[in-house]
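1. sequence first, then the predicted structure:
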Amino acid sequence: MTFYRTTRLMLSSAAILSFASSAFALDGNDLLKKINDVYGQQGGSIAAEGIDIDGSTVTLKGATVKAAGMDASIPLGDITMDGVEEKDGGYTIEEIDFADVDFDKDGAAVSATDLKLNGVEIPADTSKGDLGSLLYYKSAHAGAVSVTKDDAEVFSIEGADATMNKRGDKSGIDFDAKINGIKADLSKVDDPKAKEAIEALKLQQIDGTVAMKGSWEIGPGTIDVSEYSFDFKDIGKLNLAFSISGYTPAFAKSMQEALKTVRSNPNQQEAQQSAGLAMLGLLQQLTFNSAKIRFDDASITGRALDFAGKQQGVSGKQLADTLKAMTPIMMAQLNVPELQNAVSSAVNAYLDNPKSLTVTAAPGKPVPVPMIIGAAMGAPQSIPQVIGLKVSSND
């Protein structure tokens, strides 16, 4: 009797453990659906030939992605998600690893390695319009990327990294990203005119980085990009910075819906007209806070003047002098004397000694975007005053 009681107890325990295991097992199909709920807002979709689950690891076997406007899907191979947990109807994932990319078609090949995301959060509901309804990841990484044409490398990057930081009070996120070691080989360009320009400007080999840093405050929808820079050796550094308000999750969703309508309408001309009207309506919600464009020269200006001057039969200095003389005449058409003087002074100083050129728009208080559009259409000469436009050089 003891033997039978023990056996029944063991079988009962096994059944209970089996039931508990199945009850708490991850639902791979639901996870993929939640991912597509997010990605689908951009008009894309992800599919898989199969879904394997091993404890907290979910693998999408033979995954493919189809982006908005694409007729064919792109193979991604296997996508491995480690540390997956269901949370409040959504999911958290410790790390997502993508298979290395090795794509070759018509003599062009693309390869990419070490692609991963860390600290991923998949929302349960994408319609709430708060921080919890957005796809979030703490960091993203890509290793070496290479593009070759006819067995010769024409473009590559050493690697790329991006991070996001969710604020403790859930008011928004801070983000930054950087692409390192961007290299492009333009020496094999076939077009004679383009080749001549590339050689004159010494752009046969391009080497640089791209970086971005900013924040998004969800409530007022304020996007503040403090840096979006392109920094290339022996060329220069172009940095864009701007701040707008009104770009809330609800605004983003409305834009996505408008784009979906365009893509689904077989009459593209009609769709584009409808989308234009929709965008004008959405722009009513945006406010312009500030913007800044700055270029720090690293010798490209001198080469550009020499090349352009040669095309006109003059030296680079002579072309610079001509541009300095023409600037006040062109600016006079705007009928804004203060801006005319500032631009002329900045251009003169920059062409004499190219260091930096900066254009700043900083109104005394935020300006609704419709007011800017109205000024541009009705009184373009008022734009500098409306947005607080200033130009300076070598500062």
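-> Done, it's in. Numbers count the residues shown, from 1 in each chain.

2. and residue 71, how many residues sit next to it?
-> Counted with other CB atoms under 10 Å, the neighbours of residue 71 add up to 5. C-beta here means a position set from N, CA and C on the backbone, and glycine is covered the same way.

3. helix, strand, or coil at it?
-> Assigned by DSSP: H, G, I helix; E, B strand; the rest coil, the conformation of residue 71 is coil.

4. where's it relative to residue 368, distance?
-> For residue 71, the distance to residue 368 (CB to CB, to the nearest Å) stands at 40 Å.

5. what do you get for residue 84?
-> Residue 84 sits 44 Å away from residue 368, going by CB to CB.

6. the more surrounded of the two?
-> The residue with more neighbours, out of residue 84 and residue 368, is residue 84; 22 against 16, by other CB under 10 Å.

7. beyond whichever strand or helix holds that one, next helix or strand please.
-> Using DSSP states H and E, the element containing residue 84 is strand 74-87. Going down the chain from strand 74-87, the next helix or strand is strand 90-98, by DSSP H and E.

8. pull the helix or strand with minimum mean pLDDT from this structure.
-> helix 2-23 (a mean of 40; mean pLDDT, DSSP states H and E).

9. name the SS class of residue 173, please.
-> Criterion first, three-state DSSP; result for residue 173: strand.

10. thought it was touching residue 166?
-> Yes. Between residue 173 and residue 166 there is a contact under CB atoms under 8 Å: 5.4 Å.

11. pairing partners for the helix or strand that residue 146 is a member of, with directions?
-> Using DSSP H and E, residue 146 sits in strand 145-149. When pairing is defined by DSSP bridges, strand 145-149 lines up against strand 108-112 (antiparallel), strand 152-157 (antiparallel).

12. and the very next helix or strand once past the first one, what's its mean pLDDT?
-> Yep, that's strand 108-112 we're talking about. Per DSSP H and E, the first helix or strand lying C-terminal to strand 108-112 is strand 115-122. In this model, strand 115-122 has a mean pLDDT of 95.

13. now do whichever helix or strand comes after strand 115-122: which elements does it pack against?
-> The first helix or strand that comes after strand 115-122 along the chain, using DSSP H and E, is strand 139-142. Packed against strand 139-142 by the contact rule (3 or more CB pairs under 8 Å, 6 or more residues apart in numbering; DSSP states H and E) you find strand 115-122, strand 159-166.

14. output the ones you listed in a markdown table, with distance to residue 78 and mean neighbour count appended to each entry.
-> Below are these laid out as a markdown table (distance: least, CB to CB, whole Å; neighbours: other CB atoms under 10 Å):
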| stretch | distance to residue 78 | mean neighbour count |
| --- | --- | --- |
| strand 115-122 | 12 | 19 |
| strand 159-166 | 22 | 16 |
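
15. dump the ones you listed to CSV, plus distance to residue 313.
-> Output for these, formatted as CSV (distance: least, CB to CB, whole Å):
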stretch, distance to residue 313
strand 115-122, 52
strand 159-166, 44
